[in-house]
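Asks: The sequence and its predicted three-dimensional model are supplied below.
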Amino acid sequence: MPTDAASSIRANNDKCDQEIRAYLTIDKQPSIAKFVNKNYEFMKANTPTGVDVAQFWIARIRNMAKIMNITLKKGAKVSWKKLEATYKQQSNSSSPSSSAAATSKSSSASVLLSPSDKEKIDAIFEKLDDEKKWTLKSGTVVEDVMREFAKECDYLHPVHSLILNPYDDCWQARFTQNELHEIRSYKPLKLEPLPSEVQQYFDSYQGLCDLDSLTEKVMSQAAFHPKKQAEVYWAHKAVMEALDLFNYEWLPMDERTTEADVVRRVFPFIEKCFDESAFTIISGEKASISSSERKNAAQCITGTETVDRKDTGHKVDVIISYRDLEYGCAEAGLKGGSTSTKWINESDIKVPRLMKDMLWRMLKPNPTAINNVIVPGFVINGLNLMVEMMSIPKHYVCIVHKFGPMAFPDQIEAFYKQLVPLLTLTWQTKAAVKKTLKALSNDQTVFIPTPHTPTPPSVIPPCPPSPRVVSIGTKRKSPEEDDD
């Protein structure tokens, strides 16, 4: 089985496009109906699992015709029943595990956007105020470039949520190097340095490369007060618990290890770093309130249709909260590494979208804090950790900054070298969240409801709904089911 399902999807799509191109090149009066009739066996063998058959092929044929500047002949009726019936039979004959992976657990990053999805996304860009857009020194408008790229995407991408990683290769052909440098350097992210006593504590382990000397060192350290010396107390506890994994031979992980084990045993320092703060850490596959609020924002009583059940928010392994707002999250996986489909979906789609949901919700009552807030997300995959931080340097575009992936030490020889960066960035993340709380507290905006504006308006547009996963012959999923 390929370790990178995304590559497999791209390869299959390329194969389909080549077949469509070959047909359009030969047929002097091409139509979708004629392509279906001539290429039934090819389509049966190459329709991806978990898609709407008609939607998939119509979109690809029309897109290729547009690229080749060819007009498709209209009028002929297309019958998809035979192909859909075959497709359904193939899906039902597959194993339960593969079927579940193809339907209820399909990643939004691998689900084809429907024309309706694309219209909703473009409507978000259309509503942006030109006066508030980000115009670079060259005259290039960042949101306009993102809009054009969004139109090119057939699958869900961060750009659809106005999320931009200026180091992502996809922007190399869309912005000049000078423009990318300007985007990266405009109101750059500044992280707090470690407190001197914590840095000195970490430095005391430098040069120790065997379990006995490291254990003796941690046991010889003076006791630290959990309140008066909270930061170094956390650092000491984190080092001691990391060494316990080696002393009790918990590493390497085996096939019985669960995601909860990884969060609880390997990365407990993330949650415990916030112990001395005002924040509450909620763990154990909890649904995000911010995500739920965004999904259900359009709920209303029409009188002509039943009221839909409330959509639950995206579920993640950890949520950082204070009172009624969410300030960050963490999502964990077991294996696959940074090239696996799960890692790509969580680090590029699920976690960034949830981070923006949190920004969207916290800025409603605190609009003047827009350029002073940062929302983090921890992405764990086995022994790898990536920290993502999202900020809004201008008005609409959410910049995502990625740190890592960084590896937790699986060999005692690399203990100091690999553990210190993980602990340092975790503490810096907490410091950034504290700054966000302060920025929101300093916002003095007073909102008075009116008949036309009964609730605080959004200062940034929300994420669009996730594309729907369709399985032939079964009920269509909610457009906002959890993106696992």
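Replies: Structure's in. What do you need?
Asks: So in the chain, which helix runs the longest?
Replies: As assigned by DSSP state H, the longest helix anywhere in the chain is helix 415-442.
Asks: name the helices or strands packed onto that one?
Replies: On a contact count with 3 or more CB pairs under 8 Å, 6 or more residues apart in numbering; DSSP states H and E, helix 415-442 meets helix 196-203, helix 230-247, helix 268-273, strand 325-333, strand 374-381, strand 384-391, strand 398-407. Yep, even glycine has a C-beta here, placed from its N, CA and C like the rest.
Asks: one more time with 6 Å
Replies: helix 268-273, strand 374-381, strand 384-391, strand 398-407 (3 or more CB pairs under 6 Å, 6 or more residues apart in numbering; DSSP states H and E).
Asks: between those, which one is nearest to Gln444?
Replies: Closest to Gln444 of the helices and strands packed on helix 415-442 is strand 374-381 (CB to CB; 20.3 Å).
Asks: orientation of that closest one relative to strand 384-391 in degrees?
Replies: Relative orientation of strand 374-381 and strand 384-391, computed by axes from the mean of the first three to the mean of the last three CA atoms, to 10 degrees: 160 degrees.
Asks: who does strand 374-381 pair up with?
Replies: Each strand paired with strand 374-381, and its direction, by DSSP bridges: strand 325-333 (parallel), strand 384-391 (antiparallel).
Asks: who does the closest residue to Ala332 other than its chain neighbours bridge with?
Replies: In space, and not counting its chain neighbours, Ala332 is closest to Ile380: 4.1 Å by CB to CB, 6 or more residues apart in numbering. Ile380 has these beta-bridge partners by DSSP bridges: Ala332, Leu385.
Asks: And Ile380, how far from Leu422?
Replies: Using CB to CB, to the nearest Å, Ile380 is found at 11 Å from Leu422.
Asks: again with Gln177
Replies: Note on Gln177: its distance to Leu422, by CB to CB, is 32 Å.
Asks: before we move on, what about Tyr233?
Replies: As judged by CB to CB, Tyr233 and Leu422 stand 18 Å apart.
Asks: do the same with Asn37
Replies: Distance from Asn37 to Leu422, counting by CB to CB: 58 Å.
Asks: cool, Ser204 as well?
Replies: Distance, Ser204 to Leu422, by CB to CB: 17 Å.
Asks: between these two, which one's more packed in?
Replies: Leu422 (22 against 15; other CB atoms under 10 Å).
Asks: Tell me the predicted confidence for that one.
Replies: In this model, Leu422 is scored at 97, pLDDT.
Asks: Also His314?
Replies: pLDDT recorded at His314 is 75.
Asks: what do you get for Met43?
Replies: For Met43, the model assigns a pLDDT of 86.
Asks: if I've got this straight, it is in a helix?
Replies: Yes - checked against DSSP: H, G, I helix; E, B strand; the rest coil, Met43 lies within a helix.
Asks: Tell me how far it lies from Asp324.
Replies: When Met43 is compared with Asp324 (using CB to CB), they lie 50 Å apart.
Asks: next one: His401
Replies: Distance, His401 to Asp324, by CB to CB: 26 Å.
Asks: quick one: which of those two has more around it?
Replies: Per other CB under 10 Å, whichever of His401 and Asp324 has more neighbours is His401, with 18 against 8.
Asks: quick one, helices of the stretch 101-250 of the chain?
Replies: Secondary structure of the stretch 101-250 of the chain (DSSP state H, counting those that start in this stretch): helices located at 115-126, 142-152, 177-185, 196-203, 211-220, 230-247.
Asks: possible to save the ones you listed as TSV with distance to Glu293?
Replies: Below are these laid out as TSV (distance: least, CB to CB, whole Å):
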stretch	distance to Glu293
helix 115-126	17
helix 142-152	24
helix 177-185	29
helix 196-203	37
helix 211-220	44
helix 230-247	32
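Asks: Of those, which is nearest His395?
Replies: helix 142-152 (9.1 Å).
Asks: which other helices and strands contact that closest one?
Replies: Using 3+ CB pairs under 6 Å, 6+ apart as the contact criterion, no helix or strand is in contact with helix 142-152.
Asks: For stretch 208-227, what is the spacing between the initial and final residues?
Replies: 29 Å (CA to CA, to the nearest Å).
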